[in-house]
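Asker: I would like the atomic coordinates for the input below:
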Amino acid sequence: MATKRKVIITCAVTGAIHTPSMSRYLPVTPEEIAEAGIAAAEAGASVLHLHARDPKDGRPTQDPAMFERFLPRIKSSCDAVINLTTGGSPHMTVEERMRPAMEFKPELASMNMGSINFGLFPMLDRYNELTHQWERDHLANSRDLVFKNTFADIEKAMTLGDANGTRFECECYDIGHLYSLRNLLDRGVAKGRVFVQSVFGILGGIGPHPEDVMHMRRTADRLFGDDYEWSVLGAGSSQMRIAAQAAAMGGHVRVGLEDSLWLGPGKLAETNASQVTKVREILEGLSLEVATPHEARQMLGLKGGDQVGF
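Answerer: This is a model prediction of the structure:
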């Protein structure tokens with residue numbers, strides 16, 4: 001009898017794109033982030049991708065002290081793989097963005113595979129009432145923003161991460177990022193079986209059309225053969241559609257309020273767990289099984305939760 005394929009669900013709990021005024025359900029305080037992560041893990045997420053925010057106004061922060069307020073609680077409450085951002089916010093320096101991963105030595109950390117324009121300014125037309133001035137600046141300033149990750153930046157972070165036993169979720173916002181990753185593998189900077197997270201629907205990167213998803217998959221297959229794990233995230237309204245398409249094509253999936261505030265047309269997601277539950281229903285409808293944290297660790301070649309620095 002054929003065995004069912006296991007699919008990793010990643011949940012990105014809060015991120016640095018959306019702002020508190022956009023949804024009252026966006027986790028902001030360390031307590032809210034911890035509760036959201038634990039509930040997402042209980043719903044079936046085997047990987048939790050985590051950012052931190054200043055609890056006073058919801059501004060993204062890479063201060064390790066803020067991460068320390070929720071990481072131990074999540075680790076003690078569930079077995080999910082902790083994936084810490086090195087993206088932070090596109091308005092931060094590379095050194096700022098790397099601080100939590102260097103401090104806490106997680107099993108997994110995100111890493112953008114190149115510098116890109118990162119246009120959030122169209123959201124100004126959808127959100128007229130923003131509580132904090134930083135929210136408006138955050139969106140408006142993205143019109144003149146390059147999210148910087150040069151080859152030197154990536155090489156430095158990957159070398160430091162490798163010394164800590166941290167592996168990377170390689171976020172590819174366009175086809176060229178796949179070629180950059182291939183180059184890093186060829187030069188021995190990236191090592192082992194890579195975890196490719198294809199990002200669709202950010203202005204400045206590849207779009208969310210089904211043909212874009214297929215093109216990303218075909219190119220990754222050609223460049224990496226069988227020696228990689230492929231996952232997708234669709235921004236905004238494309239989240240579940242792209243997840244369903246990619247799962248049917250042999251991929252893993254990522255959901256969470258970092259990527260989309262919505263559960264369906266006109267309906268805000270009240271929890272991250274609700275998005276995990278919805279994508280799990282899609283996977284099970286395709287006769288696919290959700291990977292456990294242990295299975296995710298095996299597939300991604302991770303060091304284990306007992307080897308992290310928190």
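
Asker: neighbours of Leu181, how many?
Answerer: Other residues within reach of Leu181 by the criterion other C-beta atoms under 10 Å amount to 26. In short, each C-beta sits where N, CA and C put it, glycine included.

Asker: got a list of what it touches?
Answerer: With contacts taken as C-beta atoms under 8 Å, 6 or more residues apart in numbering, Leu181 has the following neighbours: Met113, Cys170, Cys172, Ala190, Val194, Val196, Leu223.

Asker: ok, the fourth one - how many residues close by?
Answerer: The burial metric for Ala190, expressed as a neighbour count using other C-beta under 10 Å, is 22.

Asker: one more: Gln298?
Answerer: Counted with other C-beta under 10 Å, the burial measure for Gln298 works out to 12 neighbours.

Asker: then the one 10 residues further on?
Answerer: One way to gauge burial is a neighbour count; for Val308, by other C-beta under 10 Å, it gives 21.

Asker: so it sits against Leu108, correct?
Answerer: No: here Val308 lies out of contact with Leu108, judged by C-beta atoms under 8 Å, at a distance of 9.8 Å.

Asker: mutual contacts of those two, please.
Answerer: Applying C-beta under 8 Å, 6+ apart, one finds that Val308 and Leu108 are jointly contacted by Ile82.

Asker: which other helices and strands contact the host helix or strand of Glu103?
Answerer: When secondary structure is defined by DSSP states H and E, Glu103 falls within helix 94-104. In terms of contact count using 3 or more C-beta pairs under 8 Å, 6 or more residues apart in numbering; DSSP states H and E, helix 94-104 is assigned the packing partners helix 64-67, strand 81-84, helix 151-163.

Asker: elements contacting the second one?
Answerer: What that stands for is strand 81-84. For strand 81-84, the elements it packs on are strand 47-50, helix 71-77, helix 94-104, strand 108-112, helix 293-300, judged by 3+ C-beta pairs under 8 Å, 6+ apart.

Asker: repeat that for the longest one.
Answerer: Contacts defined by 3+ C-beta pairs under 8 Å, 6+ apart place helix 151-163 against helix 94-104, strand 108-112, strand 167-172, helix 175-186.

Asker: repeat the analysis, applying 7 Å as the threshold.
Answerer: Contacts defined by 3 or more C-beta pairs under 7 Å, 6 or more residues apart in numbering; DSSP states H and E place helix 151-163 against helix 94-104, strand 108-112.

Asker: hey, which of the ones you listed is tucked in deepest?
Answerer: Mean neighbours per residue, mean count of other C-beta atoms under 10 Å, is largest over the helices and strands packed on helix 151-163 for strand 108-112, with a mean of 26.

Asker: what strands line up against that strand, and which way round?
Answerer: strand 81-84 (parallel), strand 167-172 (parallel) (DSSP bridges).

Asker: want to throw those strands into a markdown table with mean pLDDT, mean neighbour count and distance to Val290?
Answerer: A markdown table is the format used below for the strands paired with strand 108-112 (pLDDT from 0 to 100; neighbours: other C-beta atoms under 10 Å; distance: least, C-beta to C-beta, whole Å):
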| stretch | mean pLDDT | mean neighbour count | distance to Val290 |
| --- | --- | --- | --- |
| strand 81-84 | 98 | 27 | 14 |
| strand 167-172 | 98 | 26 | 18 |
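
Asker: need those strands in CSV with distance to Pro122, can you?
Answerer: CSV is the format used below for the strands paired with strand 108-112 (distance: least, C-beta to C-beta, whole Å):
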stretch, distance to Pro122
strand 81-84, 28
strand 167-172, 21
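
Asker: nearest to Glu270, of the ones you listed?
Answerer: Closest approach to Glu270 among the strands paired with strand 108-112 (C-beta to C-beta): strand 81-84, 23.2 Å.

Asker: wait, isn't Glu270 in contact with Tyr25?
Answerer: Yes: with contact defined as C-beta atoms under 7 Å, Glu270 reaches Tyr25; the gap is 5.0 Å.

Asker: those two: which is more packed in?
Answerer: When Glu270 is set against Tyr25 and neighbours are counted by other C-beta under 10 Å, the residue ahead is Tyr25, at 17 against 13.

Asker: could you tell me which residues within stretch 237-250 count as buried?
Answerer: If you call a residue buried by 16 or more other C-beta atoms under 10 Å, then stretch 237-250 has these buried ones: Ser238, Gln239, Met240, Ile242, Ala243, Ala244, Gln245, Ala246, Ala247.

Asker: give me the low-pLDDT residue ranges for the protein?
Answerer: Across the chain, the stretches falling below the confidence threshold (pLDDT under 70) are 1-3.

Asker: restrict stretch 269-287 to CA atoms and write it as CSV.
Answerer: What follows is the C-alpha trace of stretch 269-287 in CSV, where atoms were taken according to Å, rounded to 0.1, in the frame of the first residue of the first chain:
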residue,chain,number,x,y,z
ALA,A,269,-8.4,35.5,10.7
GLU,A,270,-9.0,35.8,14.4
THR,A,271,-6.1,33.5,15.1
ASN,A,272,-3.0,32.0,13.4
ALA,A,273,-4.4,28.6,14.4
SER,A,274,-7.5,29.1,12.3
GLN,A,275,-5.2,29.5,9.2
VAL,A,276,-3.3,26.3,10.2
THR,A,277,-6.6,24.4,10.6
LYS,A,278,-7.8,25.6,7.2
VAL,A,279,-4.6,24.6,5.3
ARG,A,280,-4.6,21.3,7.2
GLU,A,281,-8.1,20.6,5.9
ILE,A,282,-6.9,21.4,2.4
LEU,A,283,-4.0,19.0,2.8
GLU,A,284,-6.1,16.2,4.2
GLY,A,285,-8.6,16.8,1.3
LEU,A,286,-5.7,16.0,-1.0
SER,A,287,-5.0,12.8,1.0
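
Asker: perfect, that will be all.
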